[in-house]
Structures are given as C-alpha cells and as structure tokens.
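Asker: coordinates only, no sequence provided:
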C-alpha cells in the first residue's frame, strides 16, 4: 500500500496524481529477486474516483481513462512476477 511521503491524504487529489509512480515503485521493488516473492499482491496504480468518466468519478480529474489504462500497463510491465490486486 502506497502512502504519501509528505503525510497528505492518500484519498485526495494530490496523492491521486502521484499514486501511479508510488505504486509502480512498489511493483518494481518487490519484483526484485532478493525478496524471493513468487506472487505479488499489489494495489492498483490509480484511484478510480479521479479517473474522468469512471463509474465512481467524483468530478476532480487526476487522469483521463486513457492515462489510467497506460498507468495499469506500465505497472504491469514492471512486475517480473505474477500479480493480483
């Protein structure tokens, strides 16, 4: 689970903008051989409440649908182990 290094609200818009980088870093790090992980349990790289047009969109946009899909693909490409969310 990613956290805001500045101590901000993890459910807020500002963290939503940073979340793809934060969560992707975890996907990358825990895929390293030194952790001996066989399957990753990871969080999704975006907050759906800030994806424009999502069914739970709350009116403040951090990403378009296309950007959100790109964040999912980029995170998945970083994982060298099987994963689920």
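Answerer: Looks like it came in fine. Worth saying up front: this structure is predicted, and the values here are computed from it rather than measured. Numbers count the residues shown, from 1 in each chain.

Asker: avg pLDDT for the longest helix along the chain?
Answerer: The longest helix of the chain (DSSP state H) is helix 13-30. Across helix 13-30, the average pLDDT comes to 91.

Asker: equivalent analysis for stretch 34-43, please.
Answerer: 91.

Asker: contact partners of that stretch?
Answerer: 1-2, 23, 26-27, 29-31, 75, 79, 81-85 (C-beta atoms under 8 Å, 6 or more residues apart in numbering). Using the backbone N, CA and C atoms, a C-beta is placed for each residue, glycine as well.

Asker: among these, which pair sits farthest apart?
Answerer: 2 and 82 (20.2 Å; C-beta to C-beta).

Asker: shouldn't residue 46 be in contact with residue 22?
Answerer: No: contact criterion C-beta atoms under 8 Å: residue 46 and residue 22 do not qualify, at 10.9 Å.

Asker: the two: which is more packed in?
Answerer: residue 46 (23 against 17; other C-beta atoms under 10 Å).

Asker: buried residues, the helix or strand containing residue 73. List them.
Answerer: Per DSSP states H and E: residue 73 is located in helix 65-78. Neighbour counts over helix 65-78 (16 or more other C-beta atoms under 10 Å) mark 68, 71, 72, 75, 78 as buried.

Asker: distance of residue 25 relative to residue 59?
Answerer: 28 Å (C-beta to C-beta, to the nearest Å).

Asker: and the two? which has more neighbours close in?
Answerer: Set residue 25 next to residue 59 and count neighbours by other C-beta under 10 Å: residue 25 wins out with 13 against 7.

Asker: gap between the residue of the chain most remote from its centre and residue 25?
Answerer: When each C-alpha in the chain is compared with the mean C-alpha position (C-alpha atoms, centre = their mean), residue 34 comes out farthest, at 22.4 Å. Separation of residue 34 from residue 25 (C-beta to C-beta) stands at 16 Å.
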